[in-house]
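Chemist: coords please:
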Amino acid sequence: AMAKTERIKELASDITSTAKRAMVAAKNGASLHPPVMHVELQQVRTCDGLKDSSASAPKKEEREEWQEYVRGVVYGGLDGVLTMFALLASAAGTDVSIRSLMAMGIANVMADGMSMGFGGYVSSLSEVEQNQSVRERVGSMCDHDVAEGLQSFYYEKGLSEDDAANLVAIFKNYPILMKERYCAEIEGVLPAQEDGSPITEGKITFQSFLLFGSLPLVPVMIALLLPNSDSQQSFNAAIGFSILFTVVTLGILGYTKACLANQPKLSQVLLMVSNGVVCAGVSFLVSFGSGEALENLFGGK
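Modeler: Got it, this is the predicted structure:
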């Protein structure tokens, strides 16, 4: 969402500067739409005008592409970590063997990962379909209504009535561009080439869930390979190291989110870790309290 907002702002800035140059040329007696102006507006329409001519442009576009999938990485990874964290915390509050804990952990990672991946795919697909529906609706509108809507929008944003009318007058010569601007400015929908891939969104969510959700199970797996794995001491050590792994994983997830979304790293790390600690604390208290209540109710049977 942040990347799309920045994209809309860049588009609006490029179009406004191009339109102002056209109006200046018109006031000086030049043609309102000389060939060079036509090329500039076509570049803006196809988003080529947003490309950086410097050598860092490909890296910037690649970074923006990754930013589109921050939601899948954070959504899948955070759910995976917290699911495992809650499972480990609840196991610490009840009498569960380390083998049973490992089996439940693997089952949770696989089943929840598939569910999260499919959920990410459906969510992204719904967004793409909704955007396409908006584009089709705007595409069916007559140019006069689109122009009036844009003119009112620019006037409400602070342009004078004459400037808004002049700007829209330029857009009228480029109906496709005008409707794209209507979608972006009023509906908040960018051109179709800016939509993400639902399949990629689902895959990233699934892979992120598996990666981050499996890390807290590593100490449990190691404990199973050691002698006396059934002892309470091994169980407690596995739980302790799993919690440590989980805290580190949450920190890595917060740092990854901050890097991909250009946010403060320390605040995101602290946010993720504190969120996990609260969730684990609630899970432990509920499991411990319910275990004690059931034991008192049924007399330890």
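Chemist: And stretch 265-272, how far out from the chain middle?
Modeler: Between the centre of stretch 265-272 and the centre of its chain there are 17 Å (CA atoms, centre = their mean, to the nearest Å).
Chemist: if we look at that stretch, which residues are touching it?
Modeler: With CB atoms under 8 Å, 6 or more residues apart in numbering as the test, stretch 265-272 has contacts from 78, 250, 251, 253, 254, 255, 257, 258, 259. All C-beta spots, glycine's among them, are computed from the backbone N, C-alpha and C.
Chemist: What subset of these is buried?
Modeler: Among the contacts of stretch 265-272, the ones that count as buried by 16 or more other CB atoms under 10 Å are 78, 250, 251, 253, 254, 257, 258.
Chemist: For the last one, pull up the helix or strand it's in.
Modeler: When you say that, I think you mean residue 258. Secondary structure from DSSP states H and E places residue 258 in helix 232-261.
Chemist: now residue 141, what's its secondary structure?
Modeler: coil (DSSP: H, G, I helix; E, B strand; the rest coil).
Chemist: got the contact list for it?
Modeler: So residue 141 contacts 179, 182 (CB under 8 Å, 6+ apart).
Chemist: and what of residue 218?
Modeler: Taking CB under 8 Å, 6+ apart, we find residue 218 in contact with 242, 245.
Chemist: Try it again at 7 Å.
Modeler: Residue 218 sits next to residue 245 when contact means CB atoms under 7 Å, 6 or more residues apart in numbering.
Chemist: and if you look at residue 172?
Modeler: By CB under 7 Å, 6+ apart, residue 172 lies in contact with 143, 147, 178.
Chemist: burial of the first one, as a residue count?
Modeler: Put plainly, it is residue 143. By other CB atoms under 10 Å, the residues close to residue 143 number 12.
Chemist: what's the answer for the second one, then?
Modeler: Residue neighbour count, defined by other CB under 10 Å, stands at 20 for residue 147.
Chemist: what's the next secondary structure element after the helix or strand hosting it?
Modeler: In this structure, residue 147 sits in helix 143-156 according to DSSP H and E. Note on helix 143-156: by DSSP H and E, the next helix or strand toward the C-terminus is helix 161-171.
Chemist: what's that following helix packed up against?
Modeler: Helices and strands touching helix 161-171, by 3 or more CB pairs under 7 Å, 6 or more residues apart in numbering; DSSP states H and E, are helix 2-27, helix 143-156, helix 175-182.
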